[in-house]
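Visitor: got a predicted structure plus its sequence, pasted below:
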Amino acid sequence: MQTRLAPENVKRVTVYASSSNGLAESYYDAAARLGAVLGRAGVDIVFGGGGVGLMRSMADSALAQGAHVHGVIPGFLNTVEHGHKNLSRLEVVGDMRERKHRMIEDSDAVVTLPGGSGTFEEVFEVMTLKRLGQFLGPIVMVNTNNYFDRFVDFLEHSVAERFMSDLHMDMWSLVQEPEQVIEALHSAKSWSRDARKFAAVRN
């Protein structure tokens, strides 16, 4: 089967992922498959820099495919997430705010694997930036074990209650398998800085 490359305008992809080590094996398998998919698609990858959990599974697999993998980790987290030692580059920053900024700076798309509160925070931040026209790339959630079903239900509830617009439903896409991510990047609806004009829901 021929490997499909990422869209021409997607050169660098940010991956959000958990650092947890006590998950079901299916989560690690999906993370490794995502790393392989992105590595074969010819993109650079930036992620949280951890050497544990889903972060490690994704990064190891991407590196095995020859991808350039750039990790960003705050110095204080080296005792928790244990910065990955074999990356193309490991950037140590001062705090979480700087980490989040550096992770999406110059990135063309975001792909998120399942995670906890830190991952949720990252996804909500990049969605907010997209809603305001500050981030324009695709946002793809990999729904391993239907993990993001309730997350999407919550977003849909926000739209139903008029805190968000129907137009904001185009800010992200959901795929069941890592192998569907590249197609999701190709089919993502275009977004522009004019999004700020409908950021607030009007009557």
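Guide: Ah, there it is.

Visitor: C-alpha from now on. contacts and neighbour counts both.
Guide: Fine.

Visitor: pretty sure residue 31 sits against residue 57.
Guide: Yes. Taking C-alpha atoms under 8 Å as the definition, residue 31 is a contact partner of residue 57 at 5.7 Å.

Visitor: who's more crowded, those two?
Guide: The residue with more neighbours, out of residue 31 and residue 57, is residue 31; 31 against 24, by other C-alpha atoms under 10 Å.

Visitor: surely the more buried one is in a helix?
Guide: Yes. Counting by DSSP: H, G, I helix; E, B strand; the rest coil, residue 31 is part of a helix.

Visitor: check the gap between it and residue 179 for me.
Guide: Between residue 31 and residue 179 the distance, using C-alpha to C-alpha, to the nearest Å, works out to 11 Å.

Visitor: ditto for residue 173
Guide: From residue 173 to residue 179 the distance is 14 Å (C-alpha to C-alpha).

Visitor: those two: which is more packed in?
Guide: residue 173 (19 against 16).

Visitor: now the phi/psi pair for that one, please.
Guide: With angles defined as degrees, to the nearest 10, residue 173 sits at phi -140, psi 160.

Visitor: in what helix or strand does the residue nearest to it when sequence neighbours are not counted lie?
Guide: Of all residues not flanking residue 173 in the chain, residue 140 sits nearest, at 5.0 Å (C-alpha to C-alpha, 6 or more residues apart in numbering). Per DSSP states H and E: residue 140 is located in strand 139-142.

Visitor: check residue 122 too.
Guide: Counting by DSSP H and E, residue 122 is part of helix 117-131.

Visitor: what about the strand holding residue 140, distance to the chain center?
Guide: 6 Å (C-alpha atoms, centre = their mean, to the nearest Å).

Visitor: ok, then the element right after it?
Guide: Assigned by DSSP H and E, the successor of strand 139-142 is helix 149-160.

Visitor: output the contacting helices and strands for that next one.
Guide: Judged by 3 or more C-alpha pairs under 8 Å, 6 or more residues apart in numbering; DSSP states H and E, helix 149-160 has no packing partners among the helices and strands.

Visitor: no further questions, thank you.
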